[in-house]
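Asks: Could you work out the structure for the sequence below:
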Amino acid sequence: MNFIFSSFFWGFIIVLLGLSILIKAIFHIRIPFFSIVFAFIFIYIGLRILFGTFGIRTSHNTIIFSDSTVKARNYDNHYNVVFGKGVIDLSDISLTDQNIKVEVNTVFGEGIIKINPEIPTIIKINSVFAGARLPEGSVAALGSSEYKTKSFDKTKNYLKIKADVVFGELKVVESSQSL
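Replies: Next up, the predicted model:
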């Protein structure tokens, strides 16, 4: 539905541009096309916000201006939440024959990292004017924090998460905990 609405809108804008050029060439009537397009863009954005479809997703692992859940895959190693709310679900990552490193950035938004306590995990959080809440209850507002699951063993394969949060909130929850 979003694709159809978006395609219709931009098609409509291009048709208006063509009609504006045609009317100016044949009838010598100047239509303020760019002012009209500017107004239509505001109307379009307003409608998208009203109907809850305004989010921008630049890729599978980046959330901008929306509320979304991203199910992590073993080959993705970078996730971003910017001006929105995102749940990064790392609870199903499988450790094969190597350590897996993942980076999660939250900027002016709310990020939730969901981990499985059975997967050996170490999380290093850097926060700047932000709140970072770890599963054991500690909170970091400025500076660095570290968390290790009970199953963490440095001699075995593990999941290493580097999380940066700036002017936002980050919450790390174990999959058995509620969000």
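Asks: Can you mark which positions in stretch 151-168 are buried?
Replies: Neighbour-count burial for stretch 151-168 flags 152, 158, 159, 161, 162, 163, 164, 165, 166, 168 (criterion: 16 or more other Cβ atoms under 10 Å). Any C-beta I mention is one placed from the backbone N, CA and C, and that applies to glycine too.
Asks: Save the residues you listed as TSV, and put in distance to residue 132, secondary structure and pLDDT too.
Replies: What follows is these, written out as TSV (distance: Cβ to Cβ, whole Å; DSSP: H, G, I helix; E, B strand; the rest coil; pLDDT from 0 to 100):
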residue	distance to residue 132	secondary structure	pLDDT
152	18	coil	87
158	20	coil	91
159	18	strand	90
161	12	strand	92
162	12	strand	94
163	7	strand	92
164	9	strand	91
165	5	strand	90
166	11	strand	88
168	9	coil	87
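Asks: Distance of residue 16 relative to residue 31?
Replies: 9 Å (Cβ to Cβ, to the nearest Å).
Asks: Next: residue 110.
Replies: For residue 110 relative to residue 31 (Cβ to Cβ), the value is 44 Å.
Asks: repeat for residue 139
Replies: 57 Å.
Asks: nearest residue to the residue positioned nearest the centre of the chain other than its sequence neighbours?
Replies: In the chain, the centroid-proximal residue (Cα atoms, centre = their mean) is residue 63; its distance is 1.7 Å. Leaving aside its chain neighbours, residue 63 sits nearest to residue 86 (4.0 Å; criterion: Cβ to Cβ, 6 or more residues apart in numbering).
Asks: if we can go back for a sec, quick one: which of residue 139 and residue 31 has more around it?
Replies: Legend: neighbour count by other Cβ atoms under 10 Å for residue 139 and residue 31, higher for residue 31 (15 against 12).
Asks: shouldn't the more buried one be in contact with residue 25?
Replies: No: using Cβ atoms under 8 Å, residue 31 is not in contact with residue 25; the gap is 11.6 Å.
Asks: Show me how the record splits this structure into domains.
Replies: Split into domains by automatic domain parsing, the chain comes to 2-50, 57-174.
Asks: Now do the shortest one, average pLDDT.
Replies: Per-residue pLDDT over domain 2-50 has a mean of 74.
Asks: rewinding a little: can you tell me the element the residue nearest to the centre of the chain falls in?
Replies: Using DSSP states H and E, the element containing residue 63 is strand 62-64.
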